[in-house]
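K.L.:
Provided below for reference: sequence and predicted model.
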Amino acid sequence: MPFHPRDPLSRSDEQAKQLFDRFGAVADGFTAEHVIVAAANVIINALRQGHPSRAGAERAWDEWMGRAKGQLMECYDSAGRKKGIYPYHQTIHVPHIDLRRKS
């Protein structure tokens, strides 16, 4: 599926896109909170393994989180509303809550 040019994933190489698709498939059916925790653990482990010193790991963390925050903020307009600037290829399911009366 082609990516919209403003989709941050469109700026990734092919291997990153394939890995993202796999992550999305594995995350299907989990809550957004579970996906965030698991993704953070993957990032932490990748940075920890790639940087032998705390200072290097901290610099890399700050750089990646700054980039990620910038990409996230691109998804919102100046009033703080989510923009529909590109289609989302991953859907995170929120558990169903039954608000009907139990009588």
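P.N.:
Perfect, I can see it now. Predicted model only: the values in this text are computed from it and were never measured.

K.L.:
Which strands and helices lie in contact with the helix or strand bottoming out on mean pLDDT in the chain?
P.N.:
The helix or strand of the chain with the lowest confidence, counting by mean pLDDT, DSSP states H and E, is helix 14-27 at a mean of 88. Counting contacts by 3 or more C-beta pairs under 8 Å, 6 or more residues apart in numbering; DSSP states H and E, helix 14-27 packs against helix 32-50. For glycine as for every other residue, the C-beta is placed from the backbone atoms N, C-alpha and C.

K.L.:
Only the buried residues of the helix it packs on, if you could.
P.N.:
For helix 32-50, a neighbour-count test (16 or more other C-beta atoms under 10 Å) marks 35, 47 as buried.

K.L.:
what's the offset of the next helix or strand after that helix from the middle of its chain?
P.N.:
Note on helix 32-50: by DSSP states H and E, the next helix or strand toward the C-terminus is helix 54-73. In terms of C-alpha atoms, centre = their mean, to the nearest Å, the centre of helix 54-73 is set 14 Å apart from its chain centre.

K.L.:
Output helix 54-73 as PDB, restricted to C-alpha atoms.
P.N.:
Presented in PDB, the C-alpha positions along helix 54-73 are these (Å, rounded to 0.1, in the frame of the first residue of the first chain):
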ATOM      1  CA  ARG A  54      25.100   6.200  29.400                       C
ATOM      2  CA  ALA A  55      25.900   9.500  27.800                       C
ATOM      3  CA  GLY A  56      25.700   8.000  24.300                       C
ATOM      4  CA  ALA A  57      22.400   6.300  25.000                       C
ATOM      5  CA  GLU A  58      21.000   9.500  26.500                       C
ATOM      6  CA  ARG A  59      22.000  11.600  23.500                       C
ATOM      7  CA  ALA A  60      20.500   9.000  21.100                       C
ATOM      8  CA  TRP A  61      17.300   8.900  23.200                       C
ATOM      9  CA  ASP A  62      16.900  12.700  23.200                       C
ATOM     10  CA  GLU A  63      17.500  12.800  19.500                       C
ATOM     11  CA  TRP A  64      15.000  10.000  18.700                       C
ATOM     12  CA  MET A  65      12.300  11.300  21.100                       C
ATOM     13  CA  GLY A  66      12.700  14.800  19.700                       C
ATOM     14  CA  ARG A  67      12.100  13.500  16.200                       C
ATOM     15  CA  ALA A  68       9.200  11.300  17.300                       C
ATOM     16  CA  LYS A  69       7.600  14.300  19.100                       C
ATOM     17  CA  GLY A  70       7.900  16.400  16.000                       C
ATOM     18  CA  GLN A  71       6.300  13.700  13.900                       C
ATOM     19  CA  LEU A  72       3.500  13.300  16.400                       C
ATOM     20  CA  MET A  73       2.900  17.100  16.600                       C
END
